[in-house]
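1. please work out how this folds:
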Amino acid sequence: MHYKELCIPFLLSLLLSFGHTLEPYDLLYDNGIEAYYRSDFHKVVYYMEMALSSFSQLRQTKISCRLGCKQRFPFQLTPWDLNFASAMLHRAACVQQCEEGSLGALSRHRVTEDIKSEFYRRIPYNFLQRAYFKLNQLDKAAEAAHTFFMANPEHMEIRQNLKSYHVNSDTPLVDRESRVYMDEYQTGIKLYDQEQYEQAIKHFEEALKGYYHADVECRAMCAGPQKFDEYEYVDYSATLFEGIADHYMQILVCEHECVRDLSTRPGRLSPIENFLPLHYDFLQFSYYRVGDHVKALECAKSYLLFHPNDMDVSENVSFYESFVSDYMDPADVRPRKEAEEFVRRHRLESEILHSAADGLGFAYNEPDFWVTGGARQDENRIPSGSELMDVTGLLSGKKAVQRIDRELREGGPLVYNGVRLVHSSDHLNGTQRVQLDDVIAEDECEELRGVANTINVAGDGYRGKTSPHTPNEKFEGATVLKALKFAYEGRLPMKSARLFYDVSEKARQIVQSYFMLNSTLYFSYTHLVCRTALQGEWFFPIFHLTFCI
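-> Reported below is the predicted structural model:
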């Protein structure tokens, strides 16, 4: 074995020019946020656009390097020997040289899970839409807002912004992060519903090509560092084969669940049910309607790979075979090769994962990637009359939830001297409500304001929604745990974090005493919230209630 071969440089056409390395996207993102709070909106646009570009280039470089090195140094399916080890070492060196040639030191591109989550949720586009608006570039503001909104469809402030940005523009809104294969699929469905089958076929076929390409890229991204929660302890050590098995299982889980990732629209928690098989379902009927019975049979057989017990499609296969048998043997029409390979690999991975879970003792619960019935599950589907009757009957047959009447008491002692009762439940339009004042001293109040200015994050505690109750105000919040973390990291005085906790405990004791509870009151968490009215021009008087009262 010649180890000097490990130093052979491997260059890809996608690498950047010599001497240039990619700036870490988290650093660019932080610079953009700092510029935003300085109201330097030109810099916001510059850094946020650079961060998004860096994020995209980082991903594409990793995919390109890993796939290129995989092709250059393939693993042979032979028993363990030095040739396998040689190929593995060559591939590792190849990937490292390829990535570092474009990215520079890989350690510069290691980012926290929080930052990854913000890019996944498209938070940079929220900053961009505001910056472009301030710079009076309304088309770009609308484009950024639309891109953010597609992953955050419940964000009311963005919905309102979009209307104002795009009111006088004829430019179509573009999702800059759209998944092309999903767009093709949705276009295909619309044309299918309009019975434009020839056009629908083109889009469904493009959607399939895009899906399988995205699957290759998704699996390539799984080749990076992985971790299991079960092994997050210091004294864990493993033998060679245990270590290899542990890491490989993590990669295999990631690759296996690409099915779920590729079927999930941005901002949604659940995937589109039966997403990949439905391509073949739509295609088999579309090809039949345009008179191509061979391809209709091919797609129907492809669908049955995913749902072999689907009676409707099985009947379609027999129907198509009756046409095809006039000029060829129907048995010669096979399911599509890519579908056969995909299903074969998916089932093998499933068997390996379940076997490894039993043998190695790690937890793995395989999701239901495809509904077993095989019915169309797109969002435009309308239940039939019998289905609707079944649902109605089920709902009407539910037992009414019984209300448990409890004696509600209030008016107990306020525990601490100086605490003043402002309003009780009678004045607050509800039960078990109380408004108090003078719970903390003025200097303590000022210190908590300082804590809030240091640690509060817009949308914290409201699932990332900066304006959870009304689009005309912003909510920023933080918990005691976050204050303690900041104090531990030296970014907040420990006494200030302690004050946050002590005030929370004081409020708990007062509430427990005032409502004369028979058991100890426990808080799930304490939330320090700052509410800020958003600036804007209003052409009519507005009155907003923060909470329903």
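
2. now the strands for the protein?
-> Along the chain, counting by DSSP state E, strands occupy 420-423, 435-437, 457-458, 473-479, 527-533.

3. reformat the ones you listed as TSV; add mean pLDDT.
-> Supplementary listing: the strands of the chain in TSV, determined by pLDDT from 0 to 100:
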stretch	mean pLDDT
strand 420-423	87
strand 435-437	88
strand 457-458	63
strand 473-479	73
strand 527-533	76
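
4. need those strands in TSV (columns: mean neighbour count and distance to W370).
-> C-beta coordinates here come from the backbone N, C-alpha and C atoms, glycine included. Rendered in TSV, the data for the strands of the chain read as follows (neighbours: other Cβ atoms under 10 Å; distance: least, Cβ to Cβ, whole Å):
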stretch	mean neighbour count	distance to W370
strand 420-423	12	56
strand 435-437	13	53
strand 457-458	15	38
strand 473-479	19	39
strand 527-533	14	40
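
5. between those strands, which one is nearest to Q160?
-> Proximity to Q160 (Cβ to Cβ) singles out strand 473-479 among the strands of the chain, at 12.5 Å.

6. quick one: least confident helix or strand in this protein?
-> Lowest mean confidence among the helices and strands of the chain (mean pLDDT, DSSP states H and E): helix 385-396, at a mean of 29.

7. can I get the strands of the chain in JSON lines with distance to S302?
-> Written out in JSON lines, the entries for the strands of the chain read as follows (distance: least, Cβ to Cβ, whole Å):
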{"stretch": "strand 420-423", "distance to S302": "67"}
{"stretch": "strand 435-437", "distance to S302": "65"}
{"stretch": "strand 457-458", "distance to S302": "47"}
{"stretch": "strand 473-479", "distance to S302": "50"}
{"stretch": "strand 527-533", "distance to S302": "52"}
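
8. do a quick rundown of the helices in the stretch 51-200 of the chain.
-> 82-103, 113-120, 123-134, 138-151, 156-165, 180-193, 197-221 (DSSP state H, counting those that start in this stretch).

9. ok, L304 touching V317?
-> Yes: the pair L304 and V317 passes the contact test of Cβ atoms under 8 Å, sitting 6.9 Å apart.

10. and the pLDDT for L191?
-> L191 is assigned a pLDDT of 95 by the prediction.

11. leaving out the residues flanking it, which one is nearest to it?
-> Ranked by Cβ to Cβ, 6 or more residues apart in numbering and with sequence neighbours excluded, the top spatial neighbour of L191 is A200, at 3.9 Å.

12. separation between H293 and H307?
-> For H293, the distance to H307 under the criterion Cβ to Cβ, to the nearest Å works out to 21 Å.

13. burial count for E99?
-> Neighbourhood size, E99 [other Cβ atoms under 10 Å]: 21.

14. so it sits right up against I63, yeah?
-> No: counting by Cβ under 8 Å, E99 sits too far from I63 to count as a contact (10.5 Å).

15. what is the rounded mean pLDDT of stretch 88-99?
-> Stretch 88-99 shows an average pLDDT of 85 in the prediction.

16. go on, stretch 480-500?
-> Rounded to a whole number, the mean pLDDT of stretch 480-500 is 81.

17. please parse the chain into its domains.
-> For the chain, whose domains are defined here by automatic domain parsing, the residue ranges read 3-120, 181-229+238-360, 420-533.

18. a markdown table for those, including distance to A144?
-> Putting the domains of the chain into a markdown table (distance: least, Cβ to Cβ, whole Å) gives the following:
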| stretch | distance to A144 |
| --- | --- |
| domain 3-120 | 9 |
| domain 181-229+238-360 | 14 |
| domain 420-533 | 15 |
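
19. who wins for proximity to P367 among those?
-> P367 sits nearest to domain 181-229+238-360 of all the domains of the chain, at 5.8 Å, using Cβ to Cβ.

20. gap between the closest one and the chain center?
-> How far domain 181-229+238-360 lies from its chain's middle: 21 Å, per Cα atoms, centre = their mean, to the nearest Å.

21. just stretch 435-452 next, same as before
-> The chain centre lies 37 Å from the centre of stretch 435-452; the measure is Cα atoms, centre = their mean.

22. can you list the buried residues in that stretch?
-> V439, I440, E444, E447, L448, V451, A452 (16 or more other Cβ atoms under 10 Å).

23. make JSON lines from the helices of the stretch 51-200 of the chain and add distance to Y514 to it.
-> Below are the helices of the stretch 51-200 of the chain laid out as JSON lines (distance: least, Cβ to Cβ, whole Å):
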{"stretch": "helix 82-103", "distance to Y514": "59"}
{"stretch": "helix 113-120", "distance to Y514": "38"}
{"stretch": "helix 123-134", "distance to Y514": "40"}
{"stretch": "helix 138-151", "distance to Y514": "43"}
{"stretch": "helix 156-165", "distance to Y514": "35"}
{"stretch": "helix 180-193", "distance to Y514": "53"}
{"stretch": "helix 197-221", "distance to Y514": "54"}
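
24. gap between the nearest residue to R66 once chain neighbours are set aside and S64?
-> Using Cβ to Cβ, 6+ apart and skipping the chain neighbours, the partner closest in space to R66 is A220 (4.6 Å). Between A220 and S64 the computed distance is 9 Å (Cβ to Cβ).

25. cool, and R265?
-> Distance, R265 to S64, by Cβ to Cβ: 26 Å.

26. quick one: residues contacting Q96.
-> L106 (Cβ atoms under 8 Å, 6 or more residues apart in numbering).
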